[in-house]
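Asks: What follows is a predicted protein model with its sequence.
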Amino acid sequence: MVSRVGVASDDFRKQVLGYGLTTAQILYRMPDHPSLLQTYVWQNYDLFPKFPALKDFLAFWQEKLDGPLFSVTVAHSRLIKPTELRAVDGVFRLH
C-alpha cells in the first residue's frame with residue numbers, strides 16, 4: 001500500500017511548477033551621497049523569463065525607497081529540470 005503524503009514545502013511546489021532560484025544584484029545610489037553606489041542582493045523563487053516577483057520588488061523599491069536604482073544584474077537557475085523527475089514505483093520505509 002502506497003500512502004500519498006502532501007508536500008509540506010511551498011518552495012518545492014514552486015520548483016515543480018517551473019519556478020527557479022533567481023538572484024539579483026542591485027546597485028543603487030546612496031540617497032545622501034549620489035556619487036556613491038551601494039549593493040543589495042535579492043534572492044527568491046521566480047519564473048523565467050518574465051520575473052514577476054523581481055519586477056514587483058523593483059516597483060516597490062522605486063515607489064517606497066529613496067536610493068535610485070543604478071543597475072540590476074539577474075542570475076536564474078531552474079533547480080529541478082524535467083529529466084530529474086521520475087515516477088516512483090514504490091515506497092521503502094526504514095525504521
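Replies: Received, thanks. Small disclaimer: the values here were computed from a predicted structure and weren't measured.
Asks: Would you check that residue 51 makes contact with residue 75?
Replies: No. At 11.3 Å, residue 51 does not count as touching residue 75 under the criterion of CB atoms under 8 Å. Any C-beta I mention is one placed from the backbone N, CA and C, and that applies to glycine too.
Asks: Helices of this protein, start to end?
Replies: 10-16, 52-64 (DSSP state H).
Asks: the strands in this protein, which residues?
Replies: 20-29, 37-46, 69-77 (DSSP state E).
Asks: So which of the helices of the chain is nearest residue 22?
Replies: helix 52-64 (6.1 Å; CB to CB).
Asks: for residue 66, phi and psi?
Replies: Residue 66 has phi and psi values of phi -80, psi -30 when expressed as degrees, to the nearest 10.
Asks: circling back: and among the strands of the chain, the most buried is which?
Replies: strand 20-29 (a mean of 17; mean count of other CB atoms under 10 Å).
Asks: Partner strands of it, with direction?
Replies: strand 37-46 (antiparallel), strand 69-77 (antiparallel) (DSSP bridges).
Asks: Identify whichever of these lies nearest to residue 10.
Replies: Here strand 37-46 is closest among these (CB to CB), at 8.8 Å.
Asks: any chance of the helices of the chain in JSON lines, with distance to residue 44, mean pLDDT and mean neighbour count too?
Replies: Listed next are those as JSON lines, based on distance: least, CB to CB, whole Å; pLDDT from 0 to 100; neighbours: other CB atoms under 10 Å:
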{"stretch": "helix 10-16", "distance to residue 44": "10", "mean pLDDT": "84", "mean neighbour count": "13"}
{"stretch": "helix 52-64", "distance to residue 44": "5", "mean pLDDT": "97", "mean neighbour count": "13"}
